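Kindly return the folded structure for what I paste below:
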Amino acid sequence: MVHVLKTSQDVQRWKRFDTQGNPSGRYGHRAVCYMNKMVIYAGYNGKERLNDTYEFDLDKKTWALIDPSKSESTPSARDCHSAVLYKHYMILFGGGDGYKWLNDMHSYDIINQQWKEIHPKDKSLVPAGRAGHSAIVHQNKMVVFAGWNGRKTMNDLHEFDLETCNWKTITPKGQVMPQSRDSHCAVVYQGKMYILGGGDGKNRLNDMYEYDIASETWTKVFYLGEVNAARAGHVACQFNDKLIIFGGGDGVKWLTDIFQFDFSEKKWYMVENTGEVAPGSYGLSAVVHKNKCIMFGGGDGRQWYNSIYEYTCDEEKNKKVMKENMWKIASQKKSFMDCSVMFKHEMEHEMYYDYFGMDCDMLVEDGGFCCPSEVDEKWILSLEPLKTRRAMALAASAGTPSTPTSRNGGYRWFSTSSMKTLVNSRTPMNTMSGTLTSMGQKSTAMTTTTTTVTGANMVPVHHHSRQPSNNL
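Alright, predicted model coming up:
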């Protein structure tokens, strides 16, 4: 089952920039974003490794080649290195030059446009040379994971203190450890590093792990929703409590699908593409600027791209359009059952969208559409006829009688005192077609009442329970 976040036709998620003075096409370069500038360094253009530095002004949409003579030293040509942003510096580590695997470090001062080599205090602690590894920054630490050393993929973990210039080899605590890989992605969210996908030298991966930087422990993420295709060479962008991945290859084709991960739900969604979508490729770069993901370059083995694509991550415009459309149609209907027909098309495509979570303040007292801004009672409805992965919908109303209330000609909602009881319950929801399920206020036992509800009369809303049904 594909859980698709559909996009209003008024919202074009993708946009390609027409720019002048573009760098040559490349893959395996890296990029960071500081203020209104995206900085890219190096990469491979199909013929040779590069060592040029470009800045792209995200407001003026103009490129500028940085004069290397300003710097006392510049990094050698390479690709598949790592680059992170720390303060106003681009910190570069490792990569490959076609002959050897590198473990040197350099910093690029974005304000003064100067490169400088970083010399760690204890050279014996410097990680082995590698390419295709990942790196993230948390506070004043850069964490490096995995990569390819020319002979095998690795799964070692290292930490570099950006203030003291000291390396530390980390031996994670606990029994969980991701398998070796390269060409994966990593992001940091609330003090934890998340890694996604990559390749182990034989197969592409689509697993996800969480590394707690403070406790130095790994946890495998058991997520809900659509399983994205195994891939390597993709990009990941984290914004607010969401993460998106794009591109890369699965070993057969280059991918152009977009998947979005909700950290609060631990759930993946496929996102509908609209606008001019970036071509499928390997080794492109991506940065986040003002809730937009800016992607550049990449290659597919035949050509090397040098265009910039912008992907809109911010959901506010899309929510506003969807909300306006919803109320425009709902205002012409008499009840929830009537106005819910407008969602039939989306539900047939298994769209999941939090229609009830968009700051609604409308309450129809005499049956039907109830969605106040202040919630003190919860209602649950089984959506098993739609064969959804999380067969539940939540509606809420204030001041509603606690006894079961008949609405819309037999369409019954049942009150539950707390969603927490439901979330913690391991009892699977009743899976009979058209069954409404209620939770008792003082017990986790469930009771059911069969009605004549059909899938076209329901709106799937935000799934709050993380406990999967035994029937999935």
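
List the residue ranges of the stretch 301-450 of the chain that fall below the pLDDT cut-off.
Along the stretch 301-450 of the chain, segments meeting pLDDT under 70 span 314-450.

Distance check, R302 against Y282.
According to CB to CB, to the nearest Å, R302 and Y282 sit 11 Å apart. In short, each C-beta sits where N, CA and C put it, glycine included.

of these two, who's got more company?
Legend: neighbour count by other CB atoms under 10 Å for R302 and Y282, higher for Y282 (20 against 6).

check contacts around the residue nearest to the more buried one when sequence neighbours are not counted.
Nearest non-adjacent residue to Y282, counting by CB to CB, 6 or more residues apart in numbering: G233, 3.6 Å away. With contact taken as CB atoms under 8 Å, 6 or more residues apart in numbering, G233 is in contact with Y27, S183, G247, G248, G249, S281, Y282, G283.

ok, so of these, who is nearest R16?
S281 (13.7 Å; CB to CB).

That closest one is in contact with G247, isn't it?
Yes - using CB atoms under 8 Å, S281 is in contact with G247, at 5.8 Å.

between these two, who's got more neighbours?
Using other CB under 10 Å, the more surrounded residue of S281 and G247 is S281, with 27 against 24.

Spatially nearest residue to the more buried one (excluding sequence neighbours)?
G298 (3.0 Å).

any idea how far the one you found is from T19?
Distance check for G298 against T19: by CB to CB, it reads 16 Å.

in the protein, which spans are helices?
For the chain, the helices defined by DSSP state H cover 316-330, 336-339, 344-348, 419-424.

How many residues are close by the residue nearest to S281?
A count of neighbours around G298, defined by other CB under 10 Å, yields 33.

which residues does W115 contact?
By CB under 8 Å, 6+ apart, the contact set of W115 is T53, P68, S71, E72, S73, T74, P75, H106, S107, Y108, D109.

If I look at it, what pLDDT would I see?
Note on W115: pLDDT of 98.

any chance of the contacts of G233 in a markdown table, with distance to K192 and pLDDT too?
Below are the contacts of G233 laid out as a markdown table (distance: CB to CB, whole Å; pLDDT from 0 to 100):
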| residue | distance to K192 | pLDDT |
| --- | --- | --- |
| Y27 | 29 | 97 |
| S183 | 21 | 98 |
| G247 | 24 | 96 |
| G248 | 23 | 97 |
| G249 | 27 | 96 |
| S281 | 29 | 97 |
| Y282 | 27 | 97 |
| G283 | 26 | 97 |
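
In contact with the residue nearest to S281, which residues?
Taking CB under 8 Å, 6+ apart as the criterion, G298 is in contact with Y27, G247, A278, P279, S281, Y282, G283, L284, S285, W304, Y305.

give me that answer again for 6 Å
Neighbour list for G298: Y27, S281, G283, L284, Y305 [criterion: CB atoms under 6 Å, 6 or more residues apart in numbering].

now, the most widely separated pair of these?
Farthest apart among these by CB to CB are G283 and Y305. That separation is 10.0 Å.

If you count surrounding residues, which of the two has more?
G283 (27 against 20).

Hmm, Y27 and the more buried one touching each other?
Yes - counting by CB atoms under 6 Å, G283 does reach Y27; the two are 3.3 Å apart.

So which bits of stretch 104-121 are buried?
For stretch 104-121, burial by neighbour count (16 or more other CB atoms under 10 Å) applies to D104, M105, H106, S107, Y108, I110, Q113, Q114, W115, K116, P120.

distance between the ends of that stretch?
Taking CA to CA, to the nearest Å, the span from the opening residue of stretch 104-121 to its closing residue is 13 Å.

Likewise for stretch 58-70?
23 Å.

And for that stretch, what's in contact with it?
Defining contact as CB under 6 Å, 6+ apart, one finds that stretch 58-70 is touched by 17, 19, 21-22, 36, 53-56, 74, 113-114, 289.

now do stretch 129-139
80, 82, 84, 86, 94-96, 101-103, 142-149, 182-184, 186, 188, 193, 213.

try stretch 178-195
Residues outside stretch 178-195 that contact it (CB under 6 Å, 6+ apart) are 132, 134, 136, 138, 143, 146-148, 153-155, 196-200, 209-213, 232-233, 236, 238, 243, 263.

nearest spatial neighbour of F259, skipping sequence neighbours?
N228 (4.3 Å).

tell me the domain ranges of this protein?
When the chain is parsed with automatic domain parsing, its domains come out as 4-314, 320-457.

Pipe the contacts of G233 into a markdown table and attach distance to Y311 per row.
Listed next are the contacts of G233 as a markdown table, based on distance: CB to CB, whole Å:
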| residue | distance to Y311 |
| --- | --- |
| Y27 | 18 |
| S183 | 21 |
| G247 | 11 |
| G248 | 15 |
| G249 | 19 |
| S281 | 14 |
| Y282 | 18 |
| G283 | 17 |
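
Closest to C293 out of the residues you listed?
Nearest member of the contacts of G233 to C293, counting by CB to CB, is G247, at 11.0 Å.

Phi first, then psi, for that closest one.
phi 80, psi -160 (degrees, to the nearest 10).

What residues are bridge-paired with V143?
I136, E159 (DSSP bridges).

Ok, the one 10 residues further on next?
Per DSSP bridges, the residues bridged to T153 are W148.

thought it was touching D200?
Yes - applying CB under 6 Å as the test, T153 and D200 come out as touching, 5.4 Å apart.

Those two: who's more crowded?
Per other CB under 10 Å, whichever of T153 and D200 has more neighbours is T153, with 22 against 18.

so what's S82 up against?
The contact partners of S82, taken as CB under 6 Å, 6+ apart, are F93, H133, A135.

I figured the first one hits S107, correct?
No - proximity of F93 to S107 does not meet the contact threshold set by CB under 6 Å, at 10.2 Å.

burial of the nearest residue to A31 once chain neighbours are set aside, as a residue count?
Excluding the flanking residues, the one nearest A31 by CB to CB, 6+ apart is S285, at 3.8 Å. Neighbour count of S285, defined by other CB under 10 Å: 22.
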